[in-house]
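[1] quick one, fold the following:
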Amino acid sequence: MANIFTKDIAVLDVSSRLISAIVGVKKAKSVFCIKSVVEKEHSGYEQGEWFDSDDTRSVAISVLKEAMLSAESRSKRIFIGVPAEFTTVVKKDVAITLDRERRVIDADIDFLLKKGDTFDTSNYALINSTPIAFQVNTSDKFYRDARGLVASKVVGTISYILCEKSFIRFFDEIVASLGFKDVKYISTAWAEGITLFEKEERDEPYMLVDIGYISSSVIIGRGEGVEVMRSFSLGGGHISADMCEALDIDFELAERARELVDLNLTYQENSILVGDGEQNIYGSDASEVVKAKLDIFAEIIYDILDQSSVKLSPYAPIYLTGEGVASIRGVKKYLSTALGANVDIVMPKLPGYAKPCNSSKISLLVIAETLSNSKVGGFFKRIINGGNL
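    The predicted structure follows:
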């Protein structure tokens, strides 16, 4: 009988273009052995709805089968990343009074997290409960971790991430058909925030923008939690679509142009960026289309930040990742100018996967390993103590 407690970590990452299955095992701190990665395109989603659910189901089954076979893994546990379009975040202040003044322990934090779980479960299921900050007694001082502090009262600012039950039912059926016995769902945007930044970088609010292929997410995170999460159905694929329409060219050629354009350059008139023998795309035309769409991204990001009650430090950069635009040459400088703030590109630190397009699946793998052998209190202990990498 296959052992559910194998050290193999199996993860399914669902992006708006790809479904990726990854199987790996942690060898030592910050060292992962990736046994297999299988990813294939699917029809995608928009505003939390599948374009073709049968296609998505077929692709998910295919990549999981291939990845498990290639890795020779018998794990019966699977971790599934949930895109921001299928989640919602609720931030709560939750207070507990201790039996006496004493040191706060793991069990107190577990109880505090569970106390705030008063959600209607008819349409949503809770998948993440994580602390943003704590206060003790009547002090106004905020702490990353309340454990070990002497207190009679603890107040936690907690972010609860809820997943649409229709998403869970959809993938529960898929993984059950493949023999998985235990399935856990993880917010992909939250996982990226936790793993792409060191714990010290999360002491103050930060903004992470993941621009995908046809769907993107923005989070403002702090501590181990998420203060704000927004998603919008717009991505790098829409740049290629705009190029097709504006320049009357084939989509495949537009995709190549999006990958090759350099926003740092001033293209000479009639300078050909890419062609296929029948059609040519000029560098200046491609650059203008890309810039026009980036202006729209900048407007959306600015509006989310402006409307948020959480304010970033004036010196805090806006972080960019994902497969949609982060690899475009000059995008960092262009968006920095459009937003009036420094933009930095972030990516996983794992050797061989240090590209923005790998942020979601590698972040999920790291978080899945942390979750695989930890109870709630133990999980936060590892995360807060830097044990997530």
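
[2] contacts for stretch 49-59 next, please.
    Ile19, Lys40, Glu41, His42, Ser43, Gly44, Tyr45, Phe170, Ile174 (Cβ atoms under 8 Å, 6 or more residues apart in numbering). (C-beta placed from N, C-alpha, C; glycine too.)

[3] flag the shaky bits of the stretch 201-350 of the chain, pLDDT-wise.
    By pLDDT under 70, the stretch 201-350 of the chain has no low-scoring segment.

[4] quick one, strands of it?
    Ranges of strands within the stretch 201-350 of the chain are 206-211, 216-222, 225-232, 272-275, 280-282, 318-321, 343-345, based on DSSP state E, counting those that start in this stretch.

[5] Serialize those strands to TSV and add fields for distance to Ala246 and mean neighbour count.
    Listed next are those as TSV, based on distance: least, Cβ to Cβ, whole Å; neighbours: other Cβ atoms under 10 Å:
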stretch	distance to Ala246	mean neighbour count
strand 206-211	20	26
strand 216-222	21	25
strand 225-232	21	22
strand 272-275	14	16
strand 280-282	10	19
strand 318-321	24	24
strand 343-345	25	17
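
[6] ok, which of the ones you listed comes nearest Phe134?
    Phe134 sits nearest to strand 225-232 of all these, at 11.1 Å, using Cβ to Cβ.

[7] and Arg169, that's in a strand?
    No: if the criterion is DSSP: H, G, I helix; E, B strand; the rest coil, then Arg169 is helix and not within a strand.

[8] could you measure from it over to Ser53?
    11 Å (Cβ to Cβ, to the nearest Å).

[9] Cys163 too?
    Cys163 is 17 Å from Ser53, by Cβ to Cβ.

[10] give me the more crowded residue out of those two.
    Under the criterion of other Cβ atoms under 10 Å, the comparison of Cys163 against Ser53 puts Cys163 first, with 21 against 13.

[11] which stretch of helix or strand covers the more buried one?
    Element membership of Cys163, judged by DSSP states H and E, is strand 150-164.

[12] buried sites along the longest strand anywhere in the chain?
    The longest strand of the chain (DSSP state E) is strand 87-103. Neighbour-count burial for strand 87-103, with 16 or more other Cβ atoms under 10 Å as criterion, is recorded at Thr87, Val89, Lys91, Lys92, Val94, Ile96, Leu98.

[13] I'd like these as JSON lines, with pLDDT and distance to Tyr143 appended.
    Output for those, formatted as JSON lines (pLDDT from 0 to 100; distance: Cβ to Cβ, whole Å):
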{"residue": "Thr87", "pLDDT": "97", "distance to Tyr143": "27"}
{"residue": "Val89", "pLDDT": "96", "distance to Tyr143": "22"}
{"residue": "Lys91", "pLDDT": "95", "distance to Tyr143": "17"}
{"residue": "Lys92", "pLDDT": "96", "distance to Tyr143": "17"}
{"residue": "Val94", "pLDDT": "97", "distance to Tyr143": "15"}
{"residue": "Ile96", "pLDDT": "97", "distance to Tyr143": "15"}
{"residue": "Leu98", "pLDDT": "96", "distance to Tyr143": "15"}
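
[14] perfect, I'm done here.
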